[in-house]
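Student: Got a sequence here, can you build the structure:
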Amino acid sequence: METDLFDLKQLCDIAGVTSRTVYFYIQQGLLPHAGTHGPGAKYERRHLARLQLVKLLQREHLPLAEIRERLDGLSDEQVEQAVAEASSAPLMASAPGADSALAYIRQLLSKDATPPRSQLELPCTRRPAAGTVGPTVGSERSQWERIALTPDVELHIRRPLTRERNRQVERLLEEARRIMKEGGR
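Tutor: This next block holds a predicted model:
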C-alpha cells in the first residue's frame, strides 16, 4: 500500500470489519486508540496488522479476552511478522517439513512457548507491575466489576476474562469469603 495512514472507512474496507468492530476492539484493549479523535482520526499499519491477527486467532475459536491477553505482550513488529507468516501459509505448507503459519502463530502466541531471543525478543507487556495502581495502556474504557467481600473489603476485576482466569477468580472468591468468615468469628 502506498500510505501508512488510513481513515476509519479505509481501515475497515482493507481489514474486512465494520467500524463498530474497530471501536469495540479499541474498548476491549485489542487495538490501540487512533492517534487523533473524531471523524478525521487516522489509523496506522499497526492497527491493520492487529485487526488481521485478531481475525486469524478468532478462526481458532479463541475468546477475545484470551486474544487480548496474548496480544498484550507483542510488539507491532511481532504482530506484523505473525500476519506475514500466516499470509504465506499456502506456500509454506507445500514445502516438505515446513511448519504452517498457523503453527507459527500458535507458538508465537502460546503462553508456554519460549522462542529463541533472536527470533522473538521478550516484549514489555502493557500490564502494570504487581502492586501498582492505575489503568493500563489501552484499558481506558475497560469494564470493571466490583465485588464486595465485606463492607470494607472489595475486589475489582477487569472484564472480560479468559475461561481459565474466570476459574481462578472463582477460586479466589471462595477462599477470600472463607477467610473473611473465619476472621469474623
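
Student: By average pLDDT, which secondary structure element in this structure comes out worst?
Tutor: helix 89-94 (a mean of 47; mean pLDDT, DSSP states H and E).

Student: Just the buried positions in the longest helix along the chain, please.
Tutor: Ranked by residue count under DSSP state H, the longest helix found in the chain is helix 163-183. Of all the residues in helix 163-183, those buried under the rule 16 or more other Cβ atoms under 10 Å are Val169. C-beta here means a position set from N, CA and C on the backbone, and glycine is covered the same way.

Student: what about Lys55, how many residues close to it?
Tutor: 16 (other Cβ atoms under 10 Å).

Student: Check which helices and strands the helix or strand hosting it is in contact with.
Tutor: Assignment of secondary structure by DSSP states H and E places Lys55 within helix 45-58. Helices and strands in packing contact with helix 45-58 are listed as helix 8-15, helix 19-27, helix 64-72, helix 76-87, helix 101-109; criterion 3 or more Cβ pairs under 8 Å, 6 or more residues apart in numbering; DSSP states H and E.

Student: how is this protein carved up into domains?
Tutor: The chain resolves into domains spanning 5-109, 144-183 when parsed by automatic domain parsing.

Student: now the closest residue to Arg46 other than its chain neighbours: how far from Thr150?
Tutor: Once flanking residues are discounted, Arg46 sits nearest to Asp76: 4.2 Å by Cβ to Cβ, 6 or more residues apart in numbering. Taking Cβ to Cβ, to the nearest Å as the criterion, Asp76 is separated from Thr150 by 44 Å.

Student: Test my guess that Ala148 contacts Ala176.
Tutor: No - contact criterion Cβ atoms under 8 Å: Ala148 and Ala176 do not qualify, at 11.0 Å.

Student: Quick check: Leu11 touching Ala49?
Tutor: No - counting by Cβ under 8 Å, Leu11 stays clear of Ala49, with 11.1 Å between them.

Student: quick one: which of the helices and strands packed on helix 45-58 is nearest Leu155?
Tutor: Of all those, helix 64-72 sits nearest to Leu155, with 17.5 Å by Cβ to Cβ.
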